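Chemist: Fold the stuff below for me.
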Amino acid sequence: MTYVLLDSFTTTNMAELVASSDVTDGIKTAIGEVIAEIDSITAIKQEQEYALVEFLSARDILCVLPTGFGKSLVYQLAPLVTKKMFPDSNPIFIIVSPLVALMEDQIKEATKLGVTAMQLGVHNVTDLEQGSYQLVFGSPEAWLMNDKWLKMLESPVYRENIMGIVVDEVHVAYKWGLGAKGKPAFRDSFSKLSVLRSIVKQGTPVLALTASADMESRDRVTRLLAMENATRVIVSPNRTNIRLALASAPRHEKVQCLDWIVDDVRAKGTAMAQIIIYCRSRDKTAEVYHYLKAELGEDFWLDRDPEKKWDNELIGMYHKGTDKDNKNFVISSLNGQGNCRVVAATTALGMGLNFPNISHVVMFGPPNDTEAIVQQAGRAGRNGVQSHAVLYNTRCAKALLFKSTD
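Modeler: This is a model prediction of the structure:
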């Protein structure tokens, strides 16, 4: 296959060429050659390839792909494929991401693929302003409310080389960006992301990624991001290796329903499979953590460690206010490099993070909606092994569980 080469490669030029089947075939060929050069990837899924072709063809695209599907790989491969097709180009993709932990994780993953990536305000500002990074990550607040980064986007190097805008975990755009029933929004900047389109050059495509968005929410996303005639790639969130259970929890003895976890920790220690217990608030997270700690006694520590070292704790806690060392301990453990086996957490743990060996997800109290159930349950079984998601029953839990996510 011969690539279609341009003297000056821009999204506008690409948009003019997308009607040609040669361009689509050329992108697919470049994708194949890039994958052949990456040892850690043998192939990508059909939906990933389709999304990448559409994005590099300068089309807006909304991808609703299951947890663990590999959504991030679409934009991580984008600069490599662009460089393969246009060796003299300097492609830059800006990534809007909701959480620092997510950005840090995605930068590590992109670097493994040979992609240069950085986060606003963390790396060398001079290199950043010179367009030395292919993926530039930042929060919506950083992109929209910091004059330094706004001016950078308006600079010639960015105006000429930005090839796309990526909004990761886009379901938070309306959940966090729009207030409910007259209440102020949690993070108002999420509702203003369409402003980015007025700063970059006309025709720059937007790639919106999420694991959970029902039909109404998909329309919300396209409106908020001013996506015109957006292509939609939708894959069912059903994960056949996850068994979803609805269990009863007596109102006055609710925390005791977790005693089976206490028994498992006491019997197996670090040999037990990993469990995440999602709670609705920081206070509830702390309650669950301290209950498990009290019930386990000396078994709370690996081999009943007499020194009670924090890195020998078998139970962890994770929420927005958890200190950085403990957050790192939990994340490292869930990635197989620490002793923690059970984590009581808010949804601050998990968004966009890939923990391969979670055998059980416990939803201790019903999530806010069916999209949240999909997000939380989807943390289990990413290694393909039969796994379980347990939602402890209250009156509203049944209604949530059986509401259609279409």
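Chemist: May I ask which helix or strand encompasses the closest residue in space to residue 195 that isn't next to it in sequence?
Modeler: Distances taken as C-beta to C-beta, 6 or more residues apart in numbering place residue 144 nearest to residue 195, at 6.0 Å, with adjacent residues excluded. All C-beta atoms are positioned from the backbone trio N, CA, C, and that covers glycine. Element membership for residue 144, per DSSP states H and E: helix 140-145.
Chemist: What confidence value was assigned to residue 4?
Modeler: For residue 4, the pLDDT comes out at 36.
Chemist: which other helices and strands contact the helix or strand that the helix holding residue 144 is followed by?
Modeler: Counting by DSSP H and E, the element after helix 140-145 in chain order, helix or strand, is helix 147-154. Judged by 3 or more C-beta pairs under 8 Å, 6 or more residues apart in numbering; DSSP states H and E, the packing partners of helix 147-154 are helix 140-145, helix 195-199.
Chemist: show me where pLDDT drops low in the stretch 301-406 of the chain?
Modeler: 352, 394-406 (pLDDT under 70).
Chemist: where do the strands sit along it?
Modeler: 315-318, 342-345, 358-364, 387-393 (DSSP state E, counting those that start in this stretch).
Chemist: Can you lay out those as a markdown table showing distance to residue 42 and mean neighbour count?
Modeler: Formatted as a markdown table, those follow (distance: least, C-beta to C-beta, whole Å; neighbours: other C-beta atoms under 10 Å):
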| stretch | distance to residue 42 | mean neighbour count |
| --- | --- | --- |
| strand 315-318 | 33 | 26 |
| strand 342-345 | 32 | 27 |
| strand 358-364 | 24 | 23 |
| strand 387-393 | 24 | 21 |
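Chemist: Residue 130: which of those strands is closest?
Modeler: Of all the strands of the stretch 301-406 of the chain, strand 315-318 sits nearest to residue 130, with 36.9 Å by C-beta to C-beta.
Chemist: neighbours of the nearest residue to residue 285 once chain neighbours are set aside, just the number please.
Modeler: Sequence neighbours aside, residue 279 is the residue nearest to residue 285 in space, at 4.3 Å (criterion: C-beta to C-beta, 6+ apart). Residues lying near residue 279 (other C-beta atoms under 10 Å) number 22.
Chemist: Residue 279: what's it in contact with?
Modeler: By C-beta atoms under 8 Å, 6 or more residues apart in numbering, the contact set of residue 279 is 285, 287-288, 344-346, 364-365.
Chemist: Then residue 338?
Modeler: Residues in contact with residue 338 (C-beta under 8 Å, 6+ apart) are 311, 329-330, 332.
Chemist: hang on, residue 165 packs against residue 204?
Modeler: Yes. Under the criterion of C-beta atoms under 8 Å, residue 165 makes contact with residue 204 at 6.2 Å.
Chemist: Quick check: neighbours shared by these two?
Modeler: Common contacts of residue 165 and residue 204, defined by C-beta under 8 Å, 6+ apart, comprise residue 197.
Chemist: how about the strands of the stretch 301-406 of the chain in JSON lines, adding distance to residue 267?
Modeler: As requested, these are arranged in JSON lines below (distance: least, C-beta to C-beta, whole Å):
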{"stretch": "strand 315-318", "distance to residue 267": "15"}
{"stretch": "strand 342-345", "distance to residue 267": "13"}
{"stretch": "strand 358-364", "distance to residue 267": "15"}
{"stretch": "strand 387-393", "distance to residue 267": "18"}
